[in-house]
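A.B. asks: need coordinates for the following:
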Amino acid sequence: MTGETTDAGEASGPILYWVRRDFRLGDNPGLSAAAESGRPVIPVFILDEVMEGHGACPRWRMGLGAEAFATALEGIGSRLIFRRGKALEVLRALVAETGAGSVWWGRAYDPEAIARDKAVKAGLKEDGIDARSWAGHLLFEPWTVETKTGDFYKVYTPFWKSVKDREVPAALPGVSALTAPGAWPGSEDPGDWDLARAMNRGAEIVRAHLTIGEDAARGRLAQFIGHKVADYAEARDIPGVQGTSRVSENLTYGEISPRTAWHSGMRAFNEGKRGAETFLKELVWREFAYHLAYHTPRIVSGNWREEWDAFPWNEDERTAEVKAWKQGRTGICFVDAAMRELYVTGYMHNRARMIVASYLTKHLMCHWRIGQAWFEDCLIDWDPASNAMGWQWSAGSGPDATPYFRVFNPVTQLDKFDKNRDYASRWIAEGQGRPPKDALAYFEAIPRRWNMSPDDAYPDPVVTADEGRKRALAAYENRDF
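C.D. replies: The predicted structure follows:
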């Protein structure tokens, strides 16, 4: 269990604080405990074997978050040591260099991170090092939420009902000082890692849409709670307006804690702001994703409902239909606008995510893993648990009480949620005499080999809404679920 602690008696020497997805000084239990110990604290960020496997955009965004956190640490008289390599090897080297007696970190809950952390903890234990993991990335530890029979939850609504009235501890105050070591170990220059390279031309375009660092994250949340949360329940479904919080980006990298977001939402709820409960439910939806990733780790790589293993999805992402989907050239306006928003901003509106996922897995009959991998490469708020659960929810193979044969109609969805075509016209340049800046930015961000121009004719649908629905329902009828 990730909650275990390995103590090596009364540990002495500096504490290596291994920074992962907790780029913040406020409400950071592990860092606060290190500060309160009075011992020297050496924060370290490792471009390790797990992070190396991430897609281009989240890996790049992680590096930007780490650099911003380094600046925050300098503001309190500390610093962040950057190293690249396998986590255990790097930590052992740092222990040898610094005489550290402890290595502490904030917990992670996805299967790949858990496997890494168990190996690190075991290796450090063999060396006689005090290794501890701390909560902080979630509101509720996954093993603490159980049904009345002691099982884990498999449906969201009962999960929500079981936790909505739980006491969530107050957020901890920000760390204001860390005792420095007598000598700092050497640090690599993260600029030398060139994490933007895999972004190609897109880095410069996407960079303008990022909100990086703890102060910016807190400002974003305050703006949302103060001005938008009241209308959130309705506005969050309209992609043409700024009706969502967008704090998913900052929660992903721990630039703001879920407890801080929860208590802000709860204050709004108690003040009678009617959209606040929906916001709280979205925070718990993230919790539910990690609950499932912890208890059923297969969800991140295989069908959560194993009866779907034999379903005849297309798994070849080289097909013309998949290429059109990735390039925002399906001929379905809602899908194409969303895919272009993703490429320009690194973000996609929540309603749009459901539409593009449904279209890929149902209208195009493609395996959800194709979409999951594309999102992992392109999303700034990519999260291993939420991404996997979202794709499987849309595909029908995941934890959803709604029947798998639900097929969103992307045409009527656009009519319902983008009546004036504000969203579609913002992102699709073809056919417009004077396309807006964001629509044109797409052609600056995409690879040149795609050979696309805003002067191109807008394509006919690769699969129409009606044709795709009929094809999906026919496939479902022929399967024995």
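A.B. asks: report the central residue of this protein.
C.D. replies: Centroid-nearest residue in the chain: Asp383, 2.6 Å away (criterion: Cα atoms, centre = their mean).
A.B. asks: now the strands for the protein?
C.D. replies: 5-6, 15-19, 41-47, 81-84, 102-106, 130-134 (DSSP state E).
A.B. asks: the spatially closest residue to Pro190 that is not a sequence neighbour: what's it in contact with?
C.D. replies: Ranked by Cβ to Cβ, 6 or more residues apart in numbering and with sequence neighbours excluded, the top spatial neighbour of Pro190 is Phe82, at 4.9 Å. (Each C-beta comes from the backbone N, C-alpha and C, glycine too.) Neighbouring residues of Phe82 by Cβ atoms under 8 Å, 6 or more residues apart in numbering: 44-45, 47, 66, 70, 187-190.
A.B. asks: which one of the residues you listed sits closest to Glu467?
C.D. replies: Leu47 (45.7 Å; Cβ to Cβ).
A.B. asks: OK, contacts around that closest one?
C.D. replies: 63, 82-85, 190, 193.
A.B. asks: quick check on the residues you listed: which are buried?
C.D. replies: 63, 82-83, 190 (16 or more other Cβ atoms under 10 Å).
A.B. asks: of these, closest to Val206?
C.D. replies: Closest to Val206, out of all of the buried ones among the contacts of Leu47 and judged by Cβ to Cβ, is Gly63, at 13.2 Å.
A.B. asks: number of nearby residues for the closest residue to the closest one other than its chain neighbours?
C.D. replies: Nearest-residue entry for Gly63: Leu195, 4.3 Å, with adjacent residues in sequence omitted and distances by Cβ to Cβ, 6+ apart. Neighbour count of Leu195, defined by other Cβ atoms under 10 Å: 22.
A.B. asks: test my guess that Leu195 contacts Ala66.
C.D. replies: No: with contact defined as Cβ atoms under 8 Å, Leu195 does not count as touching Ala66 (9.7 Å).
A.B. asks: domain ranges for the chain?
C.D. replies: Domain assignment for the chain, taken from automatic domain parsing, gives 5-135, 138-169+200-295, 306-477.
A.B. asks: and of these, who's closest to Ser176?
C.D. replies: domain 5-135 (5.9 Å).
A.B. asks: give me the mean pLDDT for that closest one.
C.D. replies: The pLDDT scores in domain 5-135 average 95.
A.B. asks: and that domain, how far from the chain's centre?
C.D. replies: 20 Å (Cα atoms, centre = their mean, to the nearest Å).
A.B. asks: heads up, I number from 43, so please use that
C.D. replies: Understood, numbering begins at 43; the last thing we discussed is domain 47-177.
A.B. asks: show me what contacts the closest residue in space to His251 that isn't next to it in sequence?
C.D. replies: Distances taken as Cβ to Cβ, 6+ apart place Thr387 nearest to His251, at 4.0 Å, with adjacent residues excluded. By Cβ under 8 Å, 6+ apart, the contact set of Thr387 is 248, 251, 422.
A.B. asks: one step back: can I get the contacts of Leu89 in JSON lines including distance to Ala53?
C.D. replies: Shown next, in JSON lines, are those (distance: Cβ to Cβ, whole Å):
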{"residue": "Gly105", "distance to Ala53": "31"}
{"residue": "Phe124", "distance to Ala53": "24"}
{"residue": "Arg125", "distance to Ala53": "21"}
{"residue": "Arg126", "distance to Ala53": "26"}
{"residue": "Gly127", "distance to Ala53": "24"}
{"residue": "Pro232", "distance to Ala53": "29"}
{"residue": "Trp235", "distance to Ala53": "31"}
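A.B. asks: out of those, which comes closest to Glu383?
C.D. replies: Gly105 (22.9 Å).
A.B. asks: how about the nearest residue to Ser120, chain neighbours excluded?
C.D. replies: Nearest one to Ser120, counting by Cβ to Cβ, 6+ apart, is Leu220 at 4.3 Å.
A.B. asks: count the neighbours of that neighbour for me.
C.D. replies: Neighbours of Leu220 (other Cβ under 10 Å): 22.
A.B. asks: you'd agree it is up against Leu115?
C.D. replies: Yes: Leu220 lies in contact with Leu115 (Cβ under 8 Å); the separation is 7.5 Å.
A.B. asks: overlap in contacts of the two?
C.D. replies: Pro85.
A.B. asks: give the contact list for Pro71.
C.D. replies: So Pro71 contacts 148, 176-178, 214 (Cβ under 8 Å, 6+ apart).
A.B. asks: ok, Asp69 next?
C.D. replies: 178, 213-214, 216, 299, 301-302.
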